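Asks: no sequence for this one, just the structure:
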């Protein structure tokens, strides 16, 4: 048992040092998103403008408006929520890893027991969230999709050339989609109002679509960008499942080693008495 305990202590310390570093990274990213969202724009959107395909001129020689890249993330929905989640997750992970390192190094039984309990709860939480993320029609995706659709409709009514709509247009051009859930994000009745849909939603960038006076309903891309993103996740679902199971097994190994150390500490105390 002593050799297994030594290995367990070593594994716990090494893994949780790695998790400590990860937690610091999460805290850093969460802090930047929360308090300095514009800082990340240089990294996230540096090549976005150059990646936009050139739009042909509309009939009559007029040039279509160019799609500009904003320099702030403040308009993106749920950024503040994501930042809060990252900060909370980073803080919790830091505390858990610190507990494990201290408990393993000093053989402090209460810390190891607390660590094992928290890890079991974390494993259950990750399993539930992971399952919701991998199921295409889950409550999680429905909530995100609904939030993005409402934000798109609200911003489009307010300012069709606003930064949020511009980013939506970039996604539409790059992913061959329209809005987040479809053209209905922009218009209430697609059958009658399809001419009001942004030119970025044109299926093949043909003159008949770019010129709204000649546009037909069949020229508009009907698939939403969030649906396209889900299709990409679905294509890589096997790898995502393998990764999720791998993370859960790694966390479970930590729980097992923590329990082994706790049992060994208890046995030594009984032997000494």
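Replies: Received it, and whenever you're ready, just let me know what you need. Quick caveat: nothing in here was measured; it's all calculated off a predicted structure.

Asks: Can you tell me the centre-most residue of the protein?
Replies: For the chain, the residue nearest the mean C-alpha position is residue 82 (8.2 Å; Cα atoms, centre = their mean).

Asks: Just the pLDDT at residue 40, thanks.
Replies: Note for residue 40: predicted pLDDT of 59.

Asks: chain center to the lengthiest helix in the chain, what's the gap?
Replies: Longest helix of the chain, by residue count under DSSP state H: helix 237-272. Chain-centre distance of helix 237-272: 27 Å, with Cα atoms, centre = their mean, to the nearest Å.

Asks: so what pLDDT did residue 89 get?
Replies: According to the model, residue 89 carries a pLDDT of 87.

Asks: I'd like the distance between it and residue 16.
Replies: To residue 16, residue 89 is 15 Å away according to Cβ to Cβ, to the nearest Å. (C-beta placed from N, C-alpha, C; glycine too.)

Asks: Apart from its neighbours in sequence, what residue is nearest residue 127?
Replies: Of all residues not flanking residue 127 in the chain, residue 248 sits nearest, at 6.2 Å (Cβ to Cβ, 6 or more residues apart in numbering).

Asks: In this structure that neighbour contacts residue 123, no?
Replies: Yes: counting by Cβ atoms under 8 Å, residue 248 touches residue 123, with 5.8 Å between them.

Asks: of residue 89 and residue 16, who's got more company?
Replies: residue 16 (24 against 16; other Cβ atoms under 10 Å).

Asks: hmm, back to that, would you agree the residue nearest to the centre of the chain is in contact with residue 33?
Replies: Yes: between residue 82 and residue 33 there is a contact under Cβ under 8 Å: 6.3 Å.

Asks: hmm, back to that, which elements pack onto the longest helix of the chain?
Replies: Counting contacts by 3 or more Cβ pairs under 8 Å, 6 or more residues apart in numbering; DSSP states H and E, helix 237-272 is packed against helix 2-35, helix 79-106, helix 109-134.

Asks: Just name the shakiest helix or strand of the protein by mean pLDDT.
Replies: The weakest-scoring helix or strand in the chain, judged by mean pLDDT, DSSP states H and E, is helix 48-51 (a mean of 50).

Asks: Right, I'll leave it there.
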